[in-house]
Structure formats: structure tokens, C-alpha cells
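In: Output the structure for:
(chains A and B)
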Protein chains: 2
Amino acid sequence: MLDYKLLEALAAVIDQAGFERGARALGLTQSAVSQRIKLLEARLGQPVLVRTPRLGPTPLGRRLLNHVQQVRLLEHDLLDQIPALGESEQRLRIAINADSLATWWPTVTGSFCRERDLLLDMLVEDQEVALRRMRDGEVAGCICATPRPVQGARSHPLGSMRYRALASPDFVQRHIAKKGHAIPPLMPAETLRSMPAIVYGRDDRLQHRLLSTMGFDEPFPHHLCPSSEGFVRLALSGMGYGMIPEQQAAHLLASGELVDIAPNHALDVPLYWHHWRHGGSTLDKLTDHLLRECATVLRPMPEQETPRPGML
Amino acid sequence: MLDYKLLEALAAVIDQAGFERGARALGLTQSAVSQRIKLLEARLGQPVLVRTPRLGPTPLGRRLLNHVQQVRLLEHDLLDQIPALGESEQRLRIAINADSLATWWPTVTGSFCRERDLLLDMLVEDQEVALRRMRDGEVAGCICATPRPVQGARSHPLGSMRYRALASPDFVQRHIAKKGHAIPPLMPAETLRSMPAIVYGRDDRLQHRLLSTMGFDEPFPHHLCPSSEGFVRLALSGMGYGMIPEQQAAHLLASGELVDIAPNHALDVPLYWHHWRHGGSTLDKLTDHLLRECATVLRPMPEQETPRPGML
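Out: Residues are numbered from 1 along each chain as shown, chains lettered A, B, ... in the order given. Model prediction:
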């Protein structure tokens, strides 16, 4: 078997972001922790940590950390059956899209984590990176819009989030329709070409899809804002329009602080839960919990996006 | 001089996230754009783009993109004086801490951007990375907690954000004080050791600093949640406590949805605006605007953190 004392030293240094704090967490001296990590690197013939520009795991180190996490999950299952064995912190690493984390995820997972003393380590990643992390075993689960699971994983449809094109009333007046005039159901190309959008990041194609459904496929001016809350606040401040989850904006639509500028062009984004096949009982129970709860907080899957049975 | 046709092709491919869309934005064929980029790489003797796992600039490509952006800013200044020259999109790249982007930044910059048709390209980065990007010339400005500017840049104190330790009432009941009992001014170590915190990421030391001011320096259980809005929502759902900007939580404190669990232990984080010395008039005007507006939306700098005059 692997020498878990060495792996534990590696995990502590990374979790605590430093040798000194890592050593303190283990109740060891700093030199004892350094020696364990040196020994681990000597046995593997490769470094597990990089020291500059900042302390972090090498790709090999990340694989080992992930393994430690997996073992801890299994230990936790064991402790449920044999409580006398002691205590073990239970932690799940999950990659998740920013909008889910900013809306339904905390509500849905809150009770689950509280009841089980489960700690979550969340990573906000775009879909491709999230799935690569699943494949590399760096996260135990992920939420994304792709149905196809990576090898060794399963995926389940959770439901969809509806995005609507929202802007502030003063933005509408400046770019789309003068005060007292209605927003035209089909905006002229000149308007779409000149009014600034807000785009989350290079991978966010929602605004492009919106414009495409309006028959407009040219480049358009846009701000880039990689923050869910920042995105909504940019829209509120009149800097641009953008596709915002209905859930996140419901109270702002109700108060009139944001306006739907394209009510016939809402977009439904399907969400899937991916998880390791053999991730222990906590991961299985979280899967059951998500499938049950998401049925109430998310919309049904969009018709055309429902995966064919063979795909899962 | 550099061949700006080639650099423009590179910028279009990156901005539009693809050769086809980049070509369309320039009104060129895809093969013309490919040839320009090949020619650029041949002249430089190094690649400017990586194709896998996804399309993106190499470090050299990023330097070139940044240069293009800088030239565009200067062009924009020129066009103010010689409007007959034509049109040029004006775009500023700014690195910013997540909490500023989620709170005061959109309000303060909104009117400035609207009046000047300025587009912002924001990057959420932790402080070290943000300052490295300043040094490498990848961003024209950044907001962070460090006073010392990198070479070629200036920095200005903007004010500070106050963070308070917040949790939901049910979290308080479960971990700190039974219903009807007051939160003790000094929480016992046993409580601090067992109640889960929320931490933004490995570089977020605010929760550690809070516990340290309470005389507690041991490891503590925590969720990791790299999203400003997600952070607040985890706290609302009772999963943990965390240091939240007063600005972001004011309405939740007023409604009683969140409670200050350590009123004597608020932390003030100073914020500085860093910008290139020779970034053109828009950057200079943004600097004046930020210095003026932040005086009203941020708190004064904390006493001990005010930089010595020699430092700027």
C-alpha cells in the first residue's frame, strides 16, 4: 500500500497553503513535514509540489491529493459502520458553473451538508475544464450542460435554467426605445450592432445565441465580466444587456429595476450532474438528493435537448 | 513598425474565440486570417496561438494582444482630436478582486463607461496574479489590497471595504448559542474548532485573520466557494459562517436573514487602484473618476494600513 503518512503531509501543506500551517494542522514540526514530502518525491522520482511563483501541487501532486480525498470519503463510509475508529473530515470536490453556484446550488445542498457535516470544495470552471477535471479524477462531481459522461463517471439530467435578455430601463431608453414607446419585437440590426452586451467570458455564447435567434450574426460590442453577481450589477448600472438566469433576477424584474428586452427569446440551458461511479455512499446519496430536489427548483429539460437513452 | 494587419488578425481570432468568427469580424476569409497568423508566427519564430486543448494565446501572443489594446487606447485619444480618422472600439482590461466587482465597482464605473462608450474586459484574479498581469502588461489597471505599484505603474489608495463575520440565525442556534441566548463576545475554542467556515479560495485569509484576532490559530473546517454571490448564499443556507462585505449584506442584516456573530471583530481591507503610467487619457480620466467616487462608496483607509508617502 501507499505510505499515507507522506500523502497526508502533502494534503496538509496544500490545504493549509504553507509548510508551517500544514505542520501545525498535523501536530508535527515543519522539518518533519518537509522530510515527508522530500521522501515522497524521492520515491516517485518526480516533484509533487511547485514552490514558485506560489506553492501548489504538480499534476502528479494533484492526482495524489485527489486520491487522498477519495480514500477519506471511503473512510467516512467505514466510520459510519465502525464509529470507534475515530473521526475523519468529509470533503467533496465539485466543479460547478458560476450561475448554478450563485442561484439554486446552495439552497439545494445546504440541508444535505448540514445533516452529514459534509464540507464542499467548489471550483467554478467552464464546461470543458470541468469535464477534464472529472476525467483526471480531480473532482468527484460536476454540474455542466453536457450530457455525455467521461469514462468512469455517470451523468443524470437535472433540469434546465431559463435565461432572459435583461437590461435596465435607462439602457432601454438610450439604445432601444424612447420613453413611453414599446420595445419592438424584432430589434433592427443597427440597434443590435451598437448596444453593448455583457458576456461572462470567452466561453459564454449565450448572448451570441440570443442574437443568432434574432437573425444577427455579426460581432457586437461587449463587456467581459466573469462574476455572476457582477454581471447582474453591470446590467443594473445600465452598462449593457445580458442573458441572466430568471431565478437570479426575479425580484429585479418584479421591481422594474430590470426589463426583459426580448421576451420571445428566452434560452433554456440544460444541466447535468456528473459523478464518479465508485465514489462512496455520500456521493451516491448526494446524487439522489440532487435528482429529487432539482425537480422542484429547476425547469424541465428543454424538449430538443433531452438526451437519447443510449447516451447516458 | 510592426505589421498591424497581422496583429489585428490575432486579436480578432482571440476576441471572437475562433478563426471563422474572427475572419467574419474583419470581413476576411478564414484562410486569409490563417495566413496572417502563420506569417506572424514565422516572423517571430514562435507560436502566438495554442490550438489545444482550446484556442488561446501563448504568453507571447498575450503580450501582442495587450500591445494591440494599448495602441487602440492611444488611437481612441487621437480620434477625439481628429474625428475624421474613423472609428475605433475602446476597451480597457482590468483585473479586480471578486468582492469589488460584486459590490461597488459596477455602480461607480457605470456612468463613466456609458458617457464614453467604453467597454470593460474584467478579470477576477487574486492579488498576486493581478499584479503579475500588471507587470506583464496584460491589464491596464487593477484593484487590489497591495499599495506598492509594479514598475511602470502608479497606485492610489481608494478606501477600504469592511468585512463582518456573518451567519444565518439557524447556524447560530446549531453552533453558537441556543435560541433566546446571546452570542458570547468570546466564543470558546471548541466552537471555533467545530463550526464550518466559508472560505473563498486558498488565498482568502480573512477567516483565518478573524479567528486569529480571537486567539484561535488552529485549522478549522471550511467549505471552499470561489463565488461572491455563492458565498453569501452558502451563509444564508446555514452551511457556514464567513467574512462578507458589509455593503453586500446590508439588506440581509436588516432583514435578520444574516447575523453578525463577532461584532467586535470586523476587518477593514484597504483597496488600491493600480494603473499604467502612460495608458492614455481614458485611463487617466478613469483614475480621477475612481478617486472621486470611491470617497463616497468606500470607508476611509484603515489607520494602520495607510501607506507611508514614500511607498507610492
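
In: can you list the domains in chain A?
Out: Structural domains assigned to chain A are A:1-87, A:162-266, following automatic domain parsing.

In: Up against chain B, what does the stretch 201-312 of chain A have?
Out: For the stretch 201-312 of chain A, the residues found near chain B under the criterion Cβ under 8 Å from any Cβ of the partner chain are A:202-203, A:217-219, A:221-230, A:233-234, A:236-239. C-beta: built from backbone N, CA, C; applies to glycine.

In: among these, which are in helices?
Out: In this view, these that belong to helices under DSSP state H are A:Ser228, A:Glu229, A:Gly230, A:Arg233, A:Leu234, A:Leu236.

In: among the helices and strands of chain A, which has the poorest mean pLDDT?
Out: For chain A, the helix or strand with the lowest mean confidence is helix A:59-81, at a mean of 75 (criterion: mean pLDDT, DSSP states H and E).

In: Name the SS class of A:Pro157, please.
Out: Applying DSSP: H, G, I helix; E, B strand; the rest coil to A:Pro157 yields a three-state assignment of strand.

In: for it, which residues make a bridge with it?
Out: Counting by DSSP bridges, A:Pro157 is bridged to A:Tyr272.

In: Please, which helix or strand holds the residue in the stretch 1-150 of chain A that chain B sits nearest to?
Out: Across the stretch 1-150 of chain A, no residue is closer to chain B than A:Gly110, which sits at 3.1 Å (Cβ to the nearest Cβ). Take DSSP states H and E as the rule and A:Gly110 turns out to sit in helix A:104-116.

In: Show me what that helix is packed up against.
Out: With contacts defined as 3 or more Cβ pairs under 8 Å, 6 or more residues apart in numbering or on different chains; DSSP states H and E, helix A:104-116 has these neighbours: strand A:118-124, helix A:281-297, helix B:228-236.

In: which of these sits most buried?
Out: helix B:228-236 (a mean of 25; mean count of other Cβ atoms under 10 Å in any protein chain shown).

In: Tell me which residues of stretch A:189-205 come out buried.
Out: When burial is assessed from 16 or more other Cβ atoms under 10 Å in any protein chain shown, stretch A:189-205 yields the following buried residues: A:Leu192, A:Met195, A:Pro196, A:Ala197, A:Ile198, A:Val199, A:Tyr200, A:Gly201, A:Arg202, A:Asp204.

In: Keep only those of those residues that are in strands.
Out: Within the buried residues of stretch A:189-205, residues falling in strands by DSSP state E are A:Ala197, A:Ile198, A:Val199.

In: Considering those, which is situated nearest to A:Ile143?
Out: A:Val199 (20.6 Å; Cβ to Cβ).

In: Can you give me every residue that contacts the closest one?
Out: A:Gln207, A:His222, A:His223, A:Leu224, A:Cys225, A:Gly242 (Cβ atoms under 8 Å, 6 or more residues apart in numbering or on different chains).

In: could you redo the last one with a cut-off of 7 Å?
Out: When contacts are counted by Cβ atoms under 7 Å, 6 or more residues apart in numbering or on different chains, A:Val199 is found next to A:Gln207, A:His222, A:Leu224.

In: Then A:Leu192?
Out: A:Leu211, A:Met214, A:Phe216, A:Phe220.

In: How about A:Leu236?
Out: A:Ser168, A:Glu257, A:Leu258, B:Pro106.

In: again, only using 8 Å
Out: By Cβ under 8 Å, 6+ apart, the residues touching A:Leu236 are A:Ser168, A:Leu252, A:Glu257, A:Leu258, B:Pro106.

In: I figured the fourth one was touching A:Asp170, is that so?
Out: No. The pair A:Leu258 / A:Asp170 is not scored as a contact, 11.1 Å apart, by Cβ atoms under 8 Å.

In: more crowded one of the two?
Out: Set side by side, A:Leu258 and A:Asp170 show unequal neighbour counts under other Cβ atoms under 10 Å in any protein chain shown, the larger going to A:Leu258 at 24 against 14.
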